[in-house]
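[1] Predicted model and sequence follow; I will ask about them next.
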Amino acid sequence: MAVIELSDVSKVFGPTRRGERPVTAVDGVPLRVEAGQIAGIIGHSGAGKSTVVRLVNGLEKPSSGTVTVDGTTITGLPERRLRAVRLGIGMIFQQFNLFSSRTVWGNVAYPLRVAKVPTARHRERISELLHFVGLADRAHSYPDQLSGGQKQRVGIARALATSPKVLLADEATSALDPETTRDVLALLRKVNVELGVTIVVITHEMAVVRSIADRVVVMERGRVVEDGPAFDVFSQPAHPTTQRFVRTVVDDVPTGATLESLRANHSGRIVSLSYRDGSRPGSEVFAELISAGVGFELVHGGLADVRGRSFGTLTLALSGPDAAVDHAIGRLRDRAAVTEVA
Ligand SMILES: Nc1ncnc2c1ncn2[C@@H]1O[C@H](COP(=O)(O)OP(=O)(O)OP(=O)(O)O)[C@@H](O)[C@H]1O
């Protein structure tokens, strides 16, 4: 079942001054996020990601198309009904957006008050949330006494206070160092697995998508240019923009200067063996080469793991008589996609 569904949604911001052109921030976007999924929406600055988030929580109205959240079509809903829908959507932000004058406890209590949860129930709920995010001992601290990672944990506890079905994370780790990013992403996974919350992660970093998303949506200039299961998008990216994003985290195929340097430094034939179906190269590769009497050197490559399945490319420089090398390449083609790169 789709928890979030955008059908052919566009958002055009009209010019605010004379002489300016309207901006199409979102252009005919289809998006379906299934219940229990973690979807990663990636794109460069200005691609339209934040506008998609604002359309999902009803802060922007689409110029055309419809937005449905948890079975309710929110397009055209009056503000009063929208507020009720928003209670089912948690949000976390890059700059955490905590109240600096309230303690951790006070920050987490705030959405409970807005949702008119009886005060008698606050203590138990807040304590449960702070335990869940690992901050039970910081309840009386103020935000400026916390690290960035701790602030985001408070943001997550606050976003979960009213037990939303959906959590929207807009660049939630962009202000954090890599180690803290890993911890916060692990916490988001826990939110997904243990609480069953559907999560949409908006980011410009492929490493974030790689470590958390089940599903990847790539946006460019307001459009969705690629959308698929994380393993497929990482192992066989189709759109050039996706290919560039994937190369920022998995640089297994030699291109450009690397390829030139390989050619300059190896006189033999250079072949790449690609594994894109979840299988891995094993000792059989080397056994084939040895039995064919071919010399080899591993000159480039890498294997990556996405959602528990691996893929990657190994590049080898082969040396020996032409017939033996041809024979070995023929045998390897039975086991992997082989490309001769030089
Ligand atoms: N309220 C607005 N009025 C006018 N133009 C807007 C408005 N909000 C966004 N835009 C424009 O829409 C386009 C998409 O912006 P959006 O913030 O959705 O992109 P993004 O992918 O989230 O980028 P970033 O990561 O930089 O926030 C940009 O060209 C932006 O300038």
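    That came in fine, so what should we check first?
[2] what are the ranges of the helices in the stretch 51-200 of the chain?
    79-86, 104-114, 122-132, 148-160, 178-195 (DSSP state H, counting those that start in this stretch).
[3] mind checking how far the shortest one is from the chain centre?
    Spelled out, it's helix 79-86. Taking CA atoms, centre = their mean, to the nearest Å, one finds helix 79-86 lying 28 Å from the centre of the chain it belongs to.
[4] and if you look at the longest one?
    For helix 178-195, the distance between its averaged C-alpha position and the chain's averaged C-alpha position is 12 Å (CA atoms, centre = their mean).
[5] what's the answer for stretch 335-342, then?
    Remark: stretch 335-342 is offset 30 Å from the chain centroid, using CA atoms, centre = their mean.
[6] next one: stretch 117-135
    With CA atoms, centre = their mean, you get 29 Å for stretch 117-135.
[7] Would you mind listing the buried residues in it?
    Buried residues in stretch 117-135, defined by neighbour count with 16 or more other CB atoms under 10 Å: 122, 125-126, 129-130, 132-133, 135. Every residue, glycine included, has its C-beta placed from N, CA and C.
[8] tell me the contacts of the spatially most central residue of the chain?
    By CA atoms, centre = their mean, the chain has its centre lying nearest to V209, at 2.4 Å. Contact analysis of V209 by CB atoms under 8 Å, 6 or more residues apart in numbering lists 40, 42, 201, 203, 216, 230, 245.
[9] Just the ones of those residues in strands?
    Under the assignment DSSP state E, the contacts of V209 contribute 40, 42, 201, 203, 216 to strands.
[10] If the first one is in a bridge, with which residues?
    Yep, that's G40 we're talking about. Beta-bridge partners of G40, counted by DSSP bridges, are V201, V216.
[11] Tell me how many other residues surround it.
    Applying other CB atoms under 10 Å, we find 25 residues neighbouring G40.
[12] I'd guessed it sits against I212; true?
    Yes - contact criterion CB atoms under 8 Å: G40 and I212 qualify, at 6.7 Å.
[13] Against which helices or strands is the helix or strand harbouring D326 packed?
    Assessed by DSSP states H and E, D326 sits inside helix 322-333. For helix 322-333, the packing partners by 3 or more CB pairs under 8 Å, 6 or more residues apart in numbering; DSSP states H and E come out as strand 269-278, helix 283-291, strand 309-319, strand 337-340.
[14] what about those, which gets the closest to I4?
    Smallest distance to I4 across those (CB to CB): 25.6 Å, for strand 309-319.
[15] That closest one pairs with which strands, parallel or anti?
    Going by DSSP bridges, the partners of strand 309-319 are strand 269-278 (antiparallel), strand 295-306 (antiparallel).
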